[in-house]
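>>> Fold the following and give me the result.
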Amino acid sequence: MTVPLKHLLQGVFKNESWKLQLLSEWNSIVGNLADKMRLEKIDGTTLIIGVYQSSWMQELYLLSTVLLKTINQRLKHPYVKRLRFKHATRTKKESIKIPEKKPEVERPPIVLSHKETEALEKLKDQDLKAALHTFLSRCHYQKLSS
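Take a look at the predicted model:
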């Protein structure tokens with residue numbers, strides 16, 4: 001006989017349904033911070049939270065009172081009394097994928113219009129002139145490719 005996992009977990013957490021709620025709503029409770037940390041363990045009234053970077057561990061420690069308040073408000077009762085932070089490493093599933101930089105494609109030079117060339121010639125700052133020339137060239141390439 002098969003039993004849905006939800007019913008099985010409710011049996012395990014009989015009088016502690018707040019733990020089940022915490023586990024199921026963790027990502028929505030912590031919001032954008034979910035990619036910086038994960039819930040490792042619920043030890044009585046203490047949450048042990050794994051943090052991926054030490055700089056974020058310091059930030060989260062400073063935000064711990066706000067986190068405690070948010071968690072307990074969501075649970076509608078002050079079940080959690082303390083937060084403990086520890087360093088954690090990401091599993092392969094959790095790892096952040098950094099997009100690979102595409103190699104620059106050799107493009108033929110773009111000829112700027114007379115008006116654009118005149119506007120660039122009036123500029124005295126050479127860095128600004130080079131940046132605007134690059135920008136105008138990209139605009140022309142996008143116009144050609146669309």
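
>>> hey, let's count contacts and neighbours off CA atoms from now on
OK.

>>> Now tell me which helix or strand of this protein has the poorest mean pLDDT.
Counting by mean pLDDT, DSSP states H and E, the weakest-scoring helix or strand in the chain turns out to be helix 5-12, with a mean of 60.

>>> Please state the offset of whichever helix or strand comes after that one from the chain centre?
Proceeding N to C from helix 5-12, the next assigned helix or strand is helix 17-30, under DSSP states H and E. Between the centre of helix 17-30 and the centre of its chain there are 19 Å (CA atoms, centre = their mean, to the nearest Å).

>>> Just the CA coordinates for stretch 17-36, please, in CSV.
Only the C-alpha atoms of stretch 17-36 are listed here, as CSV (Å, rounded to 0.1, in the frame of the first residue of the first chain):
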residue,chain,number,x,y,z
SER,A,17,3.8,20.5,12.5
TRP,A,18,5.7,23.9,12.5
LYS,A,19,8.8,22.0,11.5
LEU,A,20,7.1,20.6,8.4
GLN,A,21,5.7,24.1,7.6
LEU,A,22,9.2,25.6,8.1
LEU,A,23,10.8,23.0,5.8
SER,A,24,8.2,23.4,3.1
GLU,A,25,8.1,27.2,3.1
TRP,A,26,11.8,27.8,3.8
ASN,A,27,12.6,29.4,0.4
SER,A,28,9.6,31.7,0.5
ILE,A,29,10.4,32.7,4.1
VAL,A,30,14.0,33.8,3.4
GLY,A,31,13.2,35.1,-0.1
ASN,A,32,16.3,36.3,-2.0
LEU,A,33,18.6,35.0,0.7
ALA,A,34,17.8,31.4,-0.3
ASP,A,35,20.7,31.3,-2.8
LYS,A,36,23.1,32.4,0.0
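
>>> which residues touch that stretch?
Stretch 17-36 is touched from outside by 9-10, 13, 39, 42, 51-53, 56, 67, 70-71, 74-75, 79, with contacts defined as CA atoms under 8 Å, 6 or more residues apart in numbering.

>>> can you pick the most crowded of these?
Within those, most neighbours by other CA atoms under 10 Å means Val51, with 25 neighbours.

>>> distance of that one from Ala119?
Applying CA to CA, to the nearest Å, the value for Val51 to Ala119 is 52 Å.
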